[in-house]
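Peer 1: Just to be clear, the model below is a prediction. Sequence and coordinates:
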Amino acid sequence: MNRLADYLPILQWGRRYSRATLTNDMVAAIIVTIMLIPQSLAYAMLAGLPAEIGLYASILPLVAYAVFGTSRTLAVGPVAVVSLMTASAIGEIAAQGTPAYLAAAMLLAFLSGAMLIAMGLFRLGFVANFLSHPVISGFITASGLLIAAGQLKYLLGIPASGHTLPQIVIGIAENIGSVNLPTLILGASVLAFLYF
């Protein structure tokens, strides 16, 4: 039984689960749901997938982590960097909006999950220690810049495309004369509200 509990942590903490913990978890679930719905919709669009795919992709990981996860405080769900990497990886294989693109995204998700399960079973988490902090920090910063630049077209209400920062900047510069003023005002107002 202890050997099985090493791979299924729910068998350890499930026996000590109380009514008070359930109440706290329900409050946390409501808060996470309020945050997760718009996030998952946006991240699906960032990956070049239909928005509803983000909702589907955000439900199963939460359930799976409840059974297999070891941390009681870790947030699980879609993230911008993975969405960006997904679009980059499958953008070379199929055009966005096609059934082949969706199939490639599903296959990529399946392969990624299989690799994570294999790494978990073989306790290969220590491999992450070989990634230097500057490399990870640079990757996250570059991803943040790319994501922010990619969202400017929605803020300005103009068509622009590209997978790299120079392509996105050139696309925005070419269409800057057709800025949709109501969209810009609404977007800037929402950003100002969020900032303050």
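Peer 2: Great, that's in hand.
Peer 1: Stretch 122-130 - what's its average pLDDT?
Peer 2: Confidence for stretch 122-130, expressed as mean pLDDT, is 84.
Peer 1: ditto for stretch 30-37
Peer 2: 86.
Peer 1: Give me the pLDDT for the residue positioned nearest the centre of the chain.
Peer 2: Of all residues in the chain, the one closest to the mean position by CA atoms, centre = their mean is V79, 2.0 Å from it. V79 is assigned 82 on the pLDDT scale.
Peer 1: Nearest residue to it in space, ignoring adjacent ones along the chain?
Peer 2: Closest residue to V79 apart from its sequence neighbours, by CB to CB, 6 or more residues apart in numbering: Y43 at 7.1 Å. All C-beta spots, glycine's among them, are computed from the backbone N, C-alpha and C.
Peer 1: Determine the number of other residues adjacent to the one you found.
Peer 2: A count of nearby residues for Y43, using other CB atoms under 10 Å, gives 26.
Peer 1: can you start the count at 3 instead of 1 from here on
Peer 2: I'll keep to 3 as the first residue from here, and by that count the last item is Y45.
Peer 1: Let me see the contact set for it.
Peer 2: Going by CB atoms under 8 Å, 6 or more residues apart in numbering, Y45 touches 56, 80-82, 84-85.
Peer 1: if you set the cut-off to 7 Å instead, what comes out?
Peer 2: By CB atoms under 7 Å, 6 or more residues apart in numbering, the contact set of Y45 is 56, 80, 82, 85.
Peer 1: Greatest separation within those: which pair is it?
Peer 2: Between any two of the contacts of Y45, the greatest separation by CB to CB is 11.5 Å, found for G56 and A82.
Peer 1: Show me what the helix or strand bottoming out on mean pLDDT in the chain is packed up against.
Peer 2: Scoring the helices and strands of the chain by mean pLDDT, DSSP states H and E places helix 4-9 at the bottom, with a mean of 70. Here helix 4-9 touches helix 12-15, going by 3 or more CB pairs under 7 Å, 6 or more residues apart in numbering; DSSP states H and E.
Peer 1: By residue count, which helix of the chain is the longest?
Peer 2: helix 21-48 (DSSP state H).
Peer 1: In this structure, where is pLDDT below threshold?
Peer 2: For the chain, the stretches with pLDDT under 70 are 3-4.
Peer 1: And the helices in this protein, which stretches?
Peer 2: 4-9, 12-15, 21-48, 53-70, 82-92, 101-123, 135-158, 167-176, 183-197.
Peer 1: Tell me which of the ones you listed lies nearest to V129.
Peer 2: helix 101-123 (7.6 Å).
Peer 1: can you count the residues close to Y67?
Peer 2: For Y67, the count of nearby residues is 17 (other CB under 10 Å).
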